[in-house]
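> fold the following and give me the result.
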Amino acid sequence: MPYAGCQKGEKGDPGPAGSNGANGTDGVDGNANVIGTNTVIVSNWNMTGSFYTAEITASGITQDIVNTGLVSVFIKYGSYWYSLPDINGKNSTSYGFSVGKVELFNQNSDYSVPVYPGSLTFRIVIISSTRIRANPGTDWNDYNEISSVFNFSE
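Sure thing, here's the model as predicted:
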């Protein structure tokens, strides 16, 4: 019995091009790679030597953000946001950050023990290096400008 099988034929001509789909609607630019945290009220300060500390969990602070991004912290007085460090006479509130957290420091410049800070309102803004480069000229210490550029609000 002879062996029978299929044989591939020659390639045919391509079919006609399909029609283009409808254009999508323009939307508001998003804020990918920018995180504006919710308002955080800090009232659990711990005395460490001659200054107070407090920690805020910030899961958006990744190793990439620590290496190449930006973390800005703002404090609210009345209806206005001010960037840290905040200096009021000899007292100051500043911050540091690492993966997953922001640490706040409240101290006096003369190393005396400051008055207990009480409840203070903060907001953390976390921005990737990509978004920083895409928005040259942005004042990263101005909460209103950042929130306008990235379309987020309080």
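> ok, which stretches of the protein are helices?
Using DSSP state H, the helices assigned to the chain run over residues 63-68, 129-134, 143-150.
> what helices or strands is the last one leaning on?
Here helix 143-150 touches strand 34-36, strand 70-77, strand 80-83, strand 120-127, going by 3 or more Cβ pairs under 8 Å, 6 or more residues apart in numbering; DSSP states H and E. Every C-beta, even on glycine, is put in place using the N, C-alpha and C of the backbone.
> among the helices of the chain, show me which one is buried the most.
Most buried of these, by mean neighbour count (mean count of other Cβ atoms under 10 Å): helix 143-150, with a mean of 18.
> thinking again about what came up before, with distance to Val40 and mean pLDDT added, can I get the helices of the chain in TSV?
Shown next, in TSV, are the helices of the chain (distance: least, Cβ to Cβ, whole Å; pLDDT from 0 to 100):
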stretch	distance to Val40	mean pLDDT
helix 63-68	17	96
helix 129-134	22	91
helix 143-150	14	87
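> wait, which of these is closest to Val102?
Between Val102 and those, the tightest spacing by Cβ to Cβ is seen for helix 63-68, at 11.3 Å.
> quick one: residues in contact with the closest one.
The list of residues contacting helix 63-68 from outside it, by Cβ atoms under 8 Å, 6 or more residues apart in numbering, reads 71, 97-99, 126-129.
> export that helix as PDB, just CAs?
Extracted as PDB, the C-alpha positions of helix 63-68 are listed here (Å, rounded to 0.1, in the frame of the first residue of the first chain):
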ATOM      1  CA  GLN A  63      12.900  50.300  47.000                       C
ATOM      2  CA  ASP A  64      12.700  51.900  43.500                       C
ATOM      3  CA  ILE A  65      11.100  55.000  45.100                       C
ATOM      4  CA  VAL A  66      13.900  55.100  47.800                       C
ATOM      5  CA  ASN A  67      16.600  54.700  45.100                       C
ATOM      6  CA  THR A  68      15.300  57.100  42.400                       C
END
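> quick one: it to chain centroid distance?
For helix 63-68, the distance from its own C-alpha centre to the chain's C-alpha centre is 11 Å (Cα atoms, centre = their mean, to the nearest Å).
> cool, stretch 140-154 as well?
11 Å.
> who wins for most neighbours among the contacts of helix 63-68?
Ile127 (24 neighbours; other Cβ atoms under 10 Å).
> circling back to that earlier point, let me have the helices of the chain in CSV, extended by distance to Val113.
CSV is the format used below for the helices of the chain (distance: least, Cβ to Cβ, whole Å):
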stretch, distance to Val113
helix 63-68, 31
helix 129-134, 38
helix 143-150, 30
